[in-house]
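A.B. asks: When you get a sec, could you give me coordinates for this:
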Amino acid sequence: MLREAKKDMRKRFFAKRATLDAEYRKTADAAICAATGALSITKSAECIAAYVSDGTEVDLTAFMLECEKIDKRIFLPRYSTSPGVGYEMVEIDDLSQDLVPGKYGLMEPSQKLPAASAEQINDMLWLVPGVAFDKTGARLGRGKGIYDRLLKKSNGLSIGIFYECQRADKVPSGEHDQKLDMIVTEKVIINLKN
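C.D. replies: Prediction:
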């Protein structure tokens, strides 16, 4: 039942996000990057877990380039070649040099770079993509549980990065689904930790 509800919602919201006009997407990405960078929690964070957009997700490149300029530590997900690990977070120094095509065709950190330590993961500020979100902080991902497993290992705050069109009335969620602490869209910032 839960699986079917998620599958149906995923299909509808993937379609919504995919139909965003390129010009609107560019403007929205800039607004989201600026809003995320201006947050006090972001300014004070030493380690930031981000992601590389698949082309339909919010593009955080401008935000990450700003972080590089001020020596913030950026970590991106990479599929691990070690059995049973799944995805791990990896620090990158240079967005233009450190990424290679990964498991699902998405750019990810090179296998030459070391994985983040448990201590680093515990302290990260997480910028999390998704397919849909609701006002309670429930998030619908792609269905592989990647971020739910990563977030479970961390005490760091999680910020969902979404377009406004990804807002749902209610996202179906189960016991393994991790809630977001904050949401940033091109129109609003929702703080769920208050």
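
A.B. asks: Show the pLDDT at Asp93.
C.D. replies: pLDDT, Asp93: 93.

A.B. asks: And for it, nearest residue in space, chain neighbours not counted?
C.D. replies: Glu68 (7.9 Å; Cβ to Cβ, 6 or more residues apart in numbering). C-beta here means a position set from N, CA and C on the backbone, and glycine is covered the same way.

A.B. asks: Also His176?
C.D. replies: Asp148 (5.6 Å).

A.B. asks: helix or strand right after the one helix or strand that neighbour maps to?
C.D. replies: Assessed by DSSP states H and E, Asp148 sits inside helix 146-152. Downstream of helix 146-152, the next assigned helix or strand under DSSP H and E is strand 158-161.

A.B. asks: Show me the contact partners of the helix holding Asp148.
C.D. replies: 49, 77, 86-87, 89, 121, 126, 128-130, 139, 141, 158, 176-178 (Cβ atoms under 8 Å, 6 or more residues apart in numbering).

A.B. asks: and it, C-alpha only, in CSV?
C.D. replies: Only the C-alpha atoms of helix 146-152 are listed here, as CSV (Å, rounded to 0.1, in the frame of the first residue of the first chain):
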residue,chain,number,x,y,z
ILE,A,146,20.0,6.4,-0.4
TYR,A,147,19.5,9.6,1.6
ASP,A,148,17.5,7.9,4.3
ARG,A,149,20.4,5.6,5.0
LEU,A,150,23.0,8.4,4.9
LEU,A,151,20.9,10.8,7.1
LYS,A,152,20.4,8.0,9.7
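
A.B. asks: what does the model give Lys7 for pLDDT?
C.D. replies: pLDDT, Lys7: 90.
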